[in-house]
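Asks: Below are the sequence and a predicted model for it; my questions follow.
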Amino acid sequence: MILVTGGAGYIGSHTLVELINQSESVVVIDNLQNSTELALEKVKEITGKDLTFYQGDIGDAQLLKQIFEKHPIKSVIHFAASKSVNESVSQPLAYYRNNISATVTLLECMAQFNIKNIIYSSSAAVYGDPVYTPMDEAHPIGPITPYGKTKYFGEQILADLAVSDSQWNIVMLRYFNPIGAHHSGLIGEDPLGEPRNLLPYLTQVAIGKRKVLSIFGQDYNTIDGTPVRDYIHVVDLAKGHVQALNLIQKQCGLKVLNLGTGKPTSVLELVSRFEAVTGQKLPYQMMPRREGDAECCYAAPDAALKEMSWKTELSLDNMLEDAWHWQSKNPNGYN
Ligand code: NAD
Ligand code: UFG
């Protein structure tokens, strides 16, 4: 049985579907600070299976103990965190409390119950400004924002734990840019308020909720002047967690792995593929650079292939089709 923290969120909900499809039993804990229980209802609809849900905070040691007493949890997949880069700059302490303190509480409770298998959601944000591309796991570390630092400090805490006790099996996954939605159109990304990330903003423009997409920067040293990223289908990303569980079952010790496609895509390339795939004309305007944006960031995903036989299967067109299917089927997200 697997405990999934933050399972009602964007990546968590897609991962639940893949876990349940592989016949794993799952228990979810989520405080719904950035999600809704409706996502879990949709997961049940997609899979035709039930799941156990606790609405609560991973910083609540009493609740975690109740869960570990009641369910024979073998491994934890730890998604629960605050993830807004911007908000982390204005509210660093809230980010350190939620992403670091609460993670320490979770790890302490796991250790008490002798549960020593964990998959941790890290981010390409730990690398900071790219020094070379594609970026492998040996790329220098240098997170710029409090959010990126919380992800890196989380990695460091786990690494120290692995040194202190060799029974721990820890897979830290550094995600690049997850986009897209489940093919059913029943679950997807549903940001609160005005989206900051490219895809949700773009699909909200396409559906008519927002007037125009601003493209931040056209003077980068890239194929067409706009920044380059490694967009990865959220379903491929979710499947990476199933593979990571298999890796943990082999008593893997500590591993850190990139999850990306290895394929660079510029903002303008993505916009033009979106128009081609969906037939939607997308109004956009060129704007100055957004502060803090890297020029070019994409993964070397070879280690994940070697260590856990995982590579992406879905194309950029699949990502855009599925993102559009979700947005057009649910113009107001889960509401
Ligand atoms: P999300 O906000 O959709 O999901 C996170 C979930 O955790 C939400 O349902 C939220 O309510 C819950 N949560 C937050 N704090 C909690 C707490 N203290 N107790 C219980 N539940 C809590 O985010 P996501 O995009 O699904 O991201 C999942 C993980 O992946 C995060 O750790 C994030 O840092 C990491 N990540 C995300 C991206 C991305 O672009 N989406 C990129 C790299 C890494
Ligand atoms: N962009 C636009 N217009 C928008 C939104 C974004 O042009 O309205 C551009 C950005 O300038 C950037 C690209 O689209 O060039 C991607 O931006 P996102 O905000 O979607 O993603 P980021 O690469 O900035 O951030 C992502 C995750 C973070 C993580 C970071 C580093 O959202 O959590 O990657 O790995 F920290």
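Replies: Right, received. Where do you want to start? Numbering: from 1, shown residues only. Ligands and ions are numbered 1, 2, ... in the order given.

Asks: Enumerate the residues of this protein near ligand 2.
Replies: Within the chain, the residues that sit near ligand 2 (Cβ under 6 Å from any ligand atom) are 83, 85, 123-125, 148, 177, 196-198, 201, 213-216, 227, 229, 267, 290, 293. Quick note: C-beta positions are derived from backbone N, CA and C, even for glycine.

Asks: Cross these against helices and list the overlap.
Replies: Those of the residues of the chain next to ligand 2 mapping onto helices are 85, 148, 198, 201, 267, per DSSP state H.

Asks: For residue 222, give me its contacts.
Replies: With contact taken as Cβ atoms under 8 Å, 6 or more residues apart in numbering, residue 222 is in contact with 228, 266, 295-296.

Asks: With only the CA atoms kept, save stretch 314-321 in CSV.
Replies: Extracted C-alpha coordinates of stretch 314-321, given in CSV (Å, rounded to 0.1, in the frame of the first residue of the first chain):
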residue,chain,number,x,y,z
LEU,A,314,4.0,11.0,-25.6
SER,A,315,4.9,13.8,-28.1
LEU,A,316,4.5,17.5,-27.8
ASP,A,317,1.4,17.2,-30.0
ASN,A,318,-0.1,14.7,-27.6
MET,A,319,0.6,17.1,-24.7
LEU,A,320,-1.1,20.0,-26.5
GLU,A,321,-4.1,18.0,-27.7
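
Asks: Give me the buried positions along that stretch.
Replies: Residues of stretch 314-321 classed as buried by neighbour count (16 or more other Cβ atoms under 10 Å): 314, 316, 318-321.

Asks: Same check on stretch 250-261?
Replies: 252, 254-261.

Asks: wait, which of those residues is closest to ligand 2?
Replies: residue 260 (9.6 Å; Cβ to the nearest ligand atom).

Asks: For the lowest-mean-pLDDT helix or strand in the chain, buried residues please.
Replies: Ranked by mean pLDDT, DSSP states H and E, the weakest helix or strand in the chain is helix 85-90, scoring a mean of 95. Applying a neighbour-count criterion of 16+ other Cβ under 10 Å, one finds 85, 87-88 buried in helix 85-90.

Asks: Those into JSON lines, with extra columns for distance to residue 186?
Replies: Output for the buried residues of helix 85-90, formatted as JSON lines (distance: Cβ to Cβ, whole Å):
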{"residue": "85", "distance to residue 186": "28"}
{"residue": "87", "distance to residue 186": "28"}
{"residue": "88", "distance to residue 186": "30"}
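
Asks: Out of the buried residues of stretch 250-261, name the ones that lie in strands.
Replies: Among the buried residues of stretch 250-261, the members found in strands (DSSP state E) are 254-259.

Asks: and which of the buried residues of helix 85-90 is nearest to residue 282?
Replies: Of all those, residue 85 has the smallest distance to residue 282: 23.9 Å, by Cβ to Cβ.

Asks: what's that closest one in contact with, if anything?
Replies: Contacts of residue 85 (Cβ under 8 Å, 6+ apart): 125, 145, 147-148, 196, 292.

Asks: Residue 62: neighbour count?
Replies: Residues near residue 62, counting by other Cβ atoms under 10 Å, number 9.

Asks: host element of it?
Replies: Under the criterion of DSSP states H and E, residue 62 resides in helix 61-70.

Asks: buried sites along that helix?
Replies: By 16+ other Cβ under 10 Å, the buried positions in helix 61-70 come out as 63-64, 67-68.
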